[in-house]
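Colleague: have a look; sequence and predicted model below, questions after that.
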Amino acid sequence: MFKFKEFSISQERAAMKIGTDGVLLGAWTPLEHPKSILDIGAGTGLIALMLAQRSDAELIDAIELEEEAYEECVENFEASPWGDRLFCYHADLRELINEENLSYDLIVSNPPFHRTAVVGDSTKRTTARQIESLPFELLLVAVKKLLDPNGVFSCIIPYQEEEYVLRLARQINLFPFKITRVKGRADRPIKRSLLALSYQQKHYQEEELIIEHKRHQYTEDYKRLTKAFYLSM
């Protein structure tokens, strides 16, 4: 059980455990008073729970394909203070795309990002991290179908995929309004890109976030971003 300040996460059975990427996305995602939120590839429900804590959204849906992660996500939602507005669906994203009259003010995703399989590794964790299980192309098709015209799409991706994802987004008239590039330490290369996109094309804000000065000595920027969640911040 992983304990945050206002909720806890059971993650014993899920393939993907709590990691910095999910915490970053849940804490960083810009909120413009959304009434409805969708978390695509919810895992244990971490990001949806963080957004429930940060917002007054009346409806927070999550979709998760991996069965044991789905089961833990449901349990984590029910055990939280916001169980009445959190719902997880055990379904493929393609099923959700085919639903009629679905629209969300905010869509978030921490998608899988390994483009090639690890030889000899057939574990659920590897499957969860394979980009083929949720390709960026499918993710953006879903966003186009499900995002309200005035809505926001927020995701965290490997930095080397940033240009490609932004190019795909432009093809459906989605444009960045905030980009934060993440380094583990100041002397390390950029590792992740946090992207917030909308249908309004405008000059966008670019920032850099450094997580640590050295191991377990976190920067003030990272502490400020995550202090509402981590017990130790």
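Modeller: Alright, I've got the coordinates. Treat the numbers as computed from the prediction; the structure is a model and nothing was measured.
Colleague: use CA for all of it now, contacts and neighbours both
Modeller: Noted.
Colleague: helix or strand right after the helix or strand bottoming out on mean pLDDT in the chain?
Modeller: When the helices and strands of the chain are compared on mean pLDDT, DSSP states H and E, helix 124-129 comes out lowest with a mean of 44. Per DSSP states H and E, helix 124-129 leads on to helix 136-146 as the next helix or strand towards the C-terminus.
Colleague: packing partners of the helix or strand that that next one is followed by?
Modeller: Heading C-terminal from helix 136-146, the first helix or strand you meet, by DSSP H and E, is strand 147-158. Under the contact criterion of 3 or more C-alpha pairs under 8 Å, 6 or more residues apart in numbering; DSSP states H and E, strand 147-158 touches helix 20-28, strand 104-109, strand 190-198.
Colleague: got the angle for strand 147-158 vs helix 136-146?
Modeller: Angle, strand 147-158 to helix 136-146, by axes from the mean of the first three to the mean of the last three C-alpha atoms, to 10 degrees: 160 degrees.
Colleague: now the angle from strand 147-158 to helix 20-28?
Modeller: 140 degrees.
Colleague: what strands flank strand 147-158, and is each parallel or antiparallel?
Modeller: Using DSSP bridges, the strands paired with strand 147-158 are strand 104-109 (parallel), strand 190-198 (antiparallel).
Colleague: now distance to Glu95 and mean neighbour count too, for these, in a markdown table please.
Modeller: Shown next, in a markdown table, are the strands paired with strand 147-158 (distance: least, C-alpha to C-alpha, whole Å; neighbours: other C-alpha atoms under 10 Å):
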| stretch | distance to Glu95 | mean neighbour count |
| --- | --- | --- |
| strand 104-109 | 16 | 25 |
| strand 190-198 | 24 | 22 |
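Colleague: as a markdown table, these with distance to Asp92 would be great.
Modeller: Below are these laid out as a markdown table (distance: least, C-alpha to C-alpha, whole Å):
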| stretch | distance to Asp92 |
| --- | --- |
| strand 104-109 | 14 |
| strand 190-198 | 23 |
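Colleague: so can I have CSV of those showing mean pLDDT?
Modeller: Formatted as CSV, the strands paired with strand 147-158 follow (pLDDT from 0 to 100):
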stretch, mean pLDDT
strand 104-109, 98
strand 190-198, 97
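Colleague: burial check on Ile100, number of neighbours?
Modeller: To be clear, residue 100 is Glu; Ile isn't right here. 9 (other C-alpha atoms under 10 Å).
Colleague: no, scratch that, I was asking about Met1
Modeller: 8.
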